[in-house]
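Colleague: what follows is a predicted protein model with its sequence.
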Amino acid sequence: MIYYLIICRSLTYAQRMARILERAGISGHIMRSPKLISKEGCGYCVKISERRLTDALRVLQREGMAPKQVFLQDADGMYSEVQT
Amino acid sequence: MIYLDSAATSLEKPASVASSTAWAISHLASPGRGGHRASMRAAEIMYRCREAAAQMFHVEQPEQVVLTCNATHALNLAIHALVRPGSVVLISGYEHNAVTRPLCSDQRVRVKVAAGPLFDPDGVYEAFERELTEEVDVVICNHVSNVFGFIQPVERIAALCRRRGKPLIVDASQSAGALPVDLTGWGAAFVAMPGHKGLYGPQGTGLLLCNTQTQPLLYGGTGSVSNSQQMPDFLPDRLEAGTQNVCGAAGLLAGMRFVRSRGIERIQRQEQALCRRMMDMLERIPGMRIYRGHGCQSGLFSFTVDGMDCEAIGAGLSRRGIAVRAGLHCAPIAHRTAGTLESGTIRVSFSAFNQIRQVECAAAAIRAVIREGAR
């Protein structure tokens, strides 16, 4: 499976993001940011399925919640940053 | 015991507060410190607590709700953010030591008092209008006096501060849960409140609603931007170093849900009705002086009795199973403004759980204690 990880500046921010996505019908799972991509140390991200990224970004933009970074997690578990 | 000291702490709580707090002790771990279930569940409770507060007090985003140990902690954070050496701070004549002591801890801070007459909202507003001069950097005002239950004209004072471009800190210690509190509507910089009074949460809980730049008082781990040796520049992490009181937050959430379901207006009406009833019952006692406002008094009042020490009355009532608070109530400035600094007062305060028969019993006990004292 391929996922997108939306990196958040804080856990509370991730929680608000997940709530907003949920209200828009997009399922987002809050999880710890993988260390490999978490440059500032500990952090949290919202994980969404591959096909919902565009919708998610549109909803977040509408709510004024700019993602800090977005990473694609491929089927092999590798991460690559996505320019949004 | 008949408990009439809810202005200090509401003792009778909804059953859900105790059960939620107890459940949290054995089920919730450190929020923001792990990805495991116990940590994430704790984070969810913390977030729900922020959401509930944001909804109740008109805060734009849940991140702006900082969980504190109590209102004093919240007020210290607010003062620390806005007051600098050399600042001029305008306060009302009814502030608590939770405001005045942090201000007086720095002798370079100048404190001005807008001391309007007791139970005269217009007079208080005029005092603020007169004293809010260009030199003032910060304004601090409580919504309700913890000694007299005087509802200060916070909406008008907030509008005045907005017009004159001065940041306002509101101490909502006696109003949160009992009167409408509106961070956004007031345009206040901060609103501070306890969780353990009118919100029916456990002791050790409080909230700071933030609407401006903040400055940490406590430094340490936040579970975020761990590589940096600086505190995060975002809320709530910036003001929440160290493991948070998750059990308290669980209880506070249950308390806020109770307030929401009961309705703030209904709670307000009930407490004010009990207050008026008791004042009516006491005011004919010879030597009794009740500090009573009309249309500007919340669910608490103070009284004195000629020739009797307030602490003796408090002790006499305690022996009869009535819990009230006597003395200066950590608010000498309020007593100075009202002219009761020498005598102190006996304060009677109500919660949503008090009933009319308790008022009748307490009034009878007060009469008996005064009769005893008069002999």
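Modeller: That came through fine.

Colleague: for chain A, what lies in contact range of chain B?
Modeller: Within reach of chain B by C-beta under 8 Å from any C-beta of the partner chain, chain A has these residues: A:9-13, A:15-16, A:30-32, A:39-44. No exception for glycine: its C-beta is placed from N, CA and C like everyone else's.

Colleague: list just the nearest of the residues you listed to B:M193.
Modeller: A:T12 (19.3 Å; C-beta to C-beta).

Colleague: ok, the closest one touching B:Y47?
Modeller: Yes: counting by C-beta atoms under 8 Å, A:T12 touches B:Y47, with 6.4 Å between them.

Colleague: identify the contacts common to those two.
Modeller: B:P62 (C-beta atoms under 8 Å, 6 or more residues apart in numbering or on different chains).

Colleague: in the lowest-mean-pLDDT helix or strand in chain B, what's buried?
Modeller: Lowest on mean pLDDT, DSSP states H and E among the helices and strands of chain B sits helix B:356-374, with a mean of 94. For helix B:356-374, a neighbour-count test (16 or more other C-beta atoms under 10 Å in any protein chain shown) marks B:358-359, B:362-363, B:365-366, B:369-370 as buried.

Colleague: who does it touch, helix- and strand-wise?
Modeller: Identification of packing neighbours for helix B:356-374 by 3 or more C-beta pairs under 8 Å, 6 or more residues apart in numbering or on different chains; DSSP states H and E yields strand B:2-3, helix B:264-282, helix B:310-319, strand B:322-323.

Colleague: in three-state terms, label the nearest residue to B:G223 once chain neighbours are set aside for me.
Modeller: Leaving aside its chain neighbours, B:G223 sits nearest to B:G32 (3.3 Å; criterion: C-beta to C-beta, 6 or more residues apart in numbering or on different chains). In three-state terms, and counting by DSSP: H, G, I helix; E, B strand; the rest coil, B:G32 is coil.

Colleague: let me know the pLDDT of B:G32.
Modeller: pLDDT for B:G32: 89.

Colleague: check the one 3 residues further on too.
Modeller: Turning to B:G35, the model gives it a pLDDT of 91.

Colleague: now do the same contact list for it.
Modeller: B:G35 neighbours (C-beta under 8 Å, 6+ apart): A:31-32.

Colleague: look at it and give its secondary structure.
Modeller: coil.

Colleague: quick one: secondary structure of the residue located most distally from the centre of chain A?
Modeller: Distance to the chain centre peaks in chain A at A:D76, reaching 18.3 Å (criterion: C-alpha atoms, centre = their mean). With three-state DSSP as the basis, A:D76 sits in coil.

Colleague: can you report how many residues lie near whichever residue of chain B sits closest to chain A?
Modeller: Going by C-beta to the nearest C-beta, chain A is nearest to B:S226 of chain B, at 2.8 Å. Residues lying near B:S226 (other C-beta atoms under 10 Å in any protein chain shown) number 14.

Colleague: thinking again about what came up before, nearest to B:L118, out of the helices and strands packed on helix B:356-374?
Modeller: Closest of these to B:L118 is helix B:264-282, at 14.6 Å (criterion: C-beta to C-beta).

Colleague: so for that closest one, what gets flagged as buried?
Modeller: B:264, B:267-268, B:270-272, B:274-276, B:278-279, B:281-282.

Colleague: with pLDDT and distance to chain A added, can I get those in TSV?
Modeller: TSV is the format used below for those (pLDDT from 0 to 100; distance: C-beta to the nearest C-beta, whole Å):
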residue	pLDDT	distance to chain A
B:I264	98	24
B:I267	98	28
B:Q268	98	30
B:Q270	98	34
B:E271	98	33
B:Q272	98	36
B:L274	98	39
B:C275	98	38
B:R276	97	42
B:M278	98	43
B:M279	98	44
B:M281	97	49
B:L282	97	48
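
Colleague: ok, and the closest non-adjacent residue to the residue of chain B closest to chain A?
Modeller: A:G41 (2.8 Å).

Colleague: surely the one you found and B:Q230 touch.
Modeller: No: using C-beta under 8 Å, A:G41 is not in contact with B:Q230; the gap is 11.8 Å.

Colleague: who has more neighbours, those two?
Modeller: Ranked by neighbour count (other C-beta under 10 Å), A:G41 and B:Q230 place A:G41 first, with 13 against 9.

Colleague: quick check on that one: phi, psi?
Modeller: phi 100, psi -150 (degrees, to the nearest 10).

Colleague: which ones are touching it?
Modeller: For A:G41, the contact set (C-beta under 8 Å, 6+ apart) comprises B:224-228.

Colleague: what do you get if the cut-off is 6 Å, keeping everything else the same?
Modeller: B:225-227 (C-beta atoms under 6 Å, 6 or more residues apart in numbering or on different chains).

Colleague: ok, so of the residues you listed, who is nearest B:A338?
Modeller: Of the contacts of A:G41, the one sitting nearest to B:A338 (C-beta to C-beta) turns out to be B:V225, at 48.4 Å.

Colleague: helix/strand/coil for the closest one?
Modeller: B:V225 ends up coil, using three-state DSSP.

Colleague: residues near it, how many?
Modeller: Neighbour tally, B:V225, other C-beta under 10 Å: 21.

Colleague: now it, nearest residue through space, not along the chain?
Modeller: A:E40 is the one closest to B:V225 (C-beta to C-beta, 6+ apart), at 4.4 Å.

Colleague: do the same with B:M193
Modeller: Counting by C-beta to C-beta, 6+ apart, the residue nearest B:M193 is B:A176, at 3.8 Å.
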